[in-house]
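**Student:** Below: sequence and its predicted model.
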Amino acid sequence: MAKITTAPQSGTISPLIPREAFPLLANSDVAGRPVIYLDSAASAQKPAAVLQRQRLFYETGYANIHRGVYPLSDAATEAYEAARRTVAGFLHAAPSEIVFTRSATESINLVANSYATAFLREGDEILISLLEHHANFVPWQAVAQRHGFKLRVAPISESGDLDLEAFPKLLSSRTKLVCLTAAANTLGTVTPLQRIIPMAHQAGAKVLVDAAQAAPHGLADLQQWDCDFLALTGHKLYGPDGIGILFGKADLLAAMPPWQLGGDMIRSVRIDGTDYAEPPQRFEAGTPPIGAAIGLAAAIDFFRQVDPAAIREHDQRLLDYALDRLGDVPGLTVIGRPAERVGILSFTMEGIHPHDAGSLLGAEGICVRTGFHCAQPLMDHLGLSGTIRASFGLYTGSEDIDRLVEALEKVRQILR
Ligand SMILES: *Cc1c(COP(=O)(O)O)cnc(C)c1O
């Protein structure tokens, strides 16, 4: 009972954008209470504005693109290319440097199978870190095995930060690619890219930034990161699933061979050979996710209503609040204390398997993720069989954390 007086003296933290803007959250109900969605790091809920824009496109403007001899197809092509300009504006890139893919995973696979395969030689090194999502791990491991490149994995410190003493020592003239997450999906660690990217360039390497997790937390800006490639995924940025972004510097994209082949990426096809289109079309073989690209543009318009600094501040307040409240749950351990983190917290509960906790929380209407979080090498390093992860979005407020803590108490009573 003492909890009530000592708990949120600082008052409640409201969502940055009200839950009502997100139909699923507005309409949700588990046993008479609203769903508490603390799984935005896996995927974000969609604002009505995104759903409406997509619906309008399918109801009034839909046709396949780039073959427009009739007005509907012309208009669909224009809407798709306008979506590319929106993404370019968001990232401060040129539209020709923005490739639409199906996901961040596909964006990274594209660089691995096109850039790395074409420009790296046997013995060249690819440097990643222990904080990487499998999407920024497995493709590099596979191309390294296939072509005789060497994969190096930078360690992390006790706090869950990238080890900045070890990192520079792993860079050498053999390092040709450095592929790092901007924010780790498991521990929430923000990596100091503004320091690291110049070091990598100094060593002569190209840099790919995995911004899938950083972007929804207001951290994706090519004015701050002079990276060569950047991967994003639409569904974590309040947009539709099935759409991803690859940014690549113009000169690199221009030199890269296509990865997937087929229609829409060619200039001319003859029986004895094919000329490929210029980037970005060269990398968009087949019918792209047209409606999803348009939905992503709507999501970016929606997202840009909020100042990135306000998102960072909101995350920080929620983190402080959650760390404080979770600290009162007996047997609960938060994993990692990185110097800077986005709104993601991983924790364990003594004597309770994360999956058991997760299903009981689910029955209480609390959505969290449990397990390896697509980062098995990191979990192995930490000696954990998994964690419970709560992650925040624009619609998260301190009430969500209160409901989580209340449900965790219940879980503890049942499973202890
Ligand atoms: C989710 C995630 C990815 C992969 O995104 P997909 O949409 O599944 O392709 C890559 N990196 C990080 C850090 C992520 O959180």
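**Tutor:** Structure's in. What do you need?
**Student:** C-alpha only now, for contacts and for neighbours.
**Tutor:** Will do.
**Student:** Within range of the ligand, give me the residues from this protein.
**Tutor:** 103-105, 133, 135, 181, 184-185, 210, 212-213, 233 (C-alpha under 6 Å from any ligand atom).
**Student:** Inside strands: which ones of these?
**Tutor:** The strands, defined by DSSP state E, take in 181, 210, 233 from the residues of the chain next to the ligand.
**Student:** Most widely separated two among the residues of the chain next to the ligand?
**Tutor:** Maximum pairwise distance among these (C-alpha to C-alpha): 17.0 Å, between Ser103 and Ala184.
**Student:** got the CA positions of stretch 407-416 in PDB?
**Tutor:** Extracted as PDB, the C-alpha positions of stretch 407-416 are listed here (Å, rounded to 0.1, in the frame of the first residue of the first chain):
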ATOM      1  CA  ALA A 407       0.200  -7.800 -13.900                       C
ATOM      2  CA  LEU A 408       3.800  -8.800 -13.000                       C
ATOM      3  CA  GLU A 409       2.900  -8.900  -9.400                       C
ATOM      4  CA  LYS A 410       0.100 -11.300 -10.300                       C
ATOM      5  CA  VAL A 411       2.500 -13.400 -12.400                       C
ATOM      6  CA  ARG A 412       4.800 -13.600  -9.500                       C
ATOM      7  CA  GLN A 413       2.100 -14.800  -7.200                       C
ATOM      8  CA  ILE A 414       1.000 -17.500  -9.600                       C
ATOM      9  CA  LEU A 415       4.400 -18.800 -10.800                       C
ATOM     10  CA  ARG A 416       6.700 -18.300  -7.900                       C
END
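**Student:** mean confidence for it?
**Tutor:** Stretch 407-416 carries an average pLDDT of 93.
**Student:** ok, now stretch 375-386?
**Tutor:** Stretch 375-386 comes out at a mean pLDDT of 91.
**Student:** cool, stretch 123-142 as well?
**Tutor:** Here stretch 123-142 scores 98 as its mean pLDDT.
**Student:** One more: stretch 75-94?
**Tutor:** Stretch 75-94 comes out at a mean pLDDT of 97.
**Student:** Other residues contacting it?
**Tutor:** Residues outside stretch 75-94 that contact it (C-alpha atoms under 8 Å, 6 or more residues apart in numbering): 61-66, 68, 95, 97-98, 100, 220-223, 247, 290, 293-294, 296-297, 300-301.
**Student:** Put the buried members of those residues into a ChimeraX selection.
**Tutor:** In ChimeraX, this line selects whichever of the contacts of stretch 75-94 come out buried by 16 or more other C-alpha atoms under 10 Å:
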select :61,62,63,64,65,66,95,97,98,100,220,221,222,247,290,293,294,296,297,300,301
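**Student:** Of the contacts of stretch 75-94, which belong to helices?
**Tutor:** Members of those lying in helices (criterion: DSSP state H): 290, 293-294, 296-297, 300-301.
**Student:** Can you tell me which of these is nearest the ligand?
**Tutor:** Leu296 (12.8 Å; C-alpha to the nearest ligand atom).
**Student:** which element is the closest residue to that closest one other than its chain neighbours on?
**Tutor:** Nearest non-adjacent residue to Leu296, counting by C-alpha to C-alpha, 6 or more residues apart in numbering: Gly239, 4.7 Å away. When elements are assigned from DSSP states H and E, Gly239 belongs to no helix and no strand.
**Student:** which parts of stretch 35-42 are buried?
**Tutor:** Buried residues in stretch 35-42, counted by 16+ other C-alpha under 10 Å: 35-41.
**Student:** ok, Asp124 - contacts?
**Tutor:** Contact analysis of Asp124 by C-alpha under 8 Å, 6+ apart lists 148-150, 174-176.
**Student:** which of those count as buried?
**Tutor:** Buried members of the contacts of Asp124, scored by 16+ other C-alpha under 10 Å, are 149-150, 174-176.
**Student:** distance of Pro257 from the ligand?
**Tutor:** Pro257 is 22 Å from the ligand, where distance means C-alpha to the nearest ligand atom, to the nearest Å.
**Student:** buried subset of the ones in strands among the residues of the chain next to the ligand?
**Tutor:** Buried among those (16+ other C-alpha under 10 Å): 181, 210, 233.
**Student:** Format those residues as CSV; extra columns: distance to Pro198 and pLDDT.
**Tutor:** Putting those into CSV (distance: C-alpha to C-alpha, whole Å; pLDDT from 0 to 100) gives the following:
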residue, distance to Pro198, pLDDT
Thr181, 16, 98
Asp210, 17, 98
Thr233, 25, 98
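**Student:** how about those in a markdown table, adding distance to Ile311?
**Tutor:** As requested, these are exported to a markdown table (distance: C-alpha to C-alpha, whole Å):
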| residue | distance to Ile311 |
| --- | --- |
| Thr181 | 19 |
| Asp210 | 19 |
| Thr233 | 18 |
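**Student:** Closest one of those residues to Tyr321?
**Tutor:** Of all those, Tyr321 sits closest to Thr181, with 25.5 Å by C-alpha to C-alpha.
**Student:** Is the closest one bridged to anything, and to what?
**Tutor:** Following DSSP bridges, Thr181 is listed with bridge partners Asp210.
**Student:** circling back to that earlier point, quick one: which of the ones in helices among the contacts of stretch 75-94 is nearest to Asp251?
**Tutor:** Distance to Asp251 across those (C-alpha to C-alpha) is lowest for Ala293, with 24.1 Å.
**Student:** so that closest one touches Ile243, yeah?
**Tutor:** Yes: using C-alpha atoms under 8 Å, Ala293 is in contact with Ile243, at 6.3 Å.
**Student:** what do the two both touch?
**Tutor:** Taking C-alpha under 8 Å, 6+ apart as the contact rule, Ala293 and Ile243 both touch Phe100.
**Student:** got any ranges where this structure has weak pLDDT?
**Tutor:** Within the chain, the segments meeting pLDDT under 70 span 1-10.
**Student:** mind giving me the domain split of it?
**Tutor:** 19-46+307-415, 51-303 (automatic domain parsing).
**Student:** Same list, the ones you listed, but as JSON lines with distance to Gly11 please.
**Tutor:** Below are these laid out as JSON lines (distance: least, C-alpha to C-alpha, whole Å):
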{"stretch": "domain 19-46+307-415", "distance to Gly11": "9"}
{"stretch": "domain 51-303", "distance to Gly11": "23"}
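**Student:** So which of those is nearest Thr12?
**Tutor:** Comparing the domains of the chain under C-alpha to C-alpha, the one sitting nearest is domain 19-46+307-415, at 5.8 Å.
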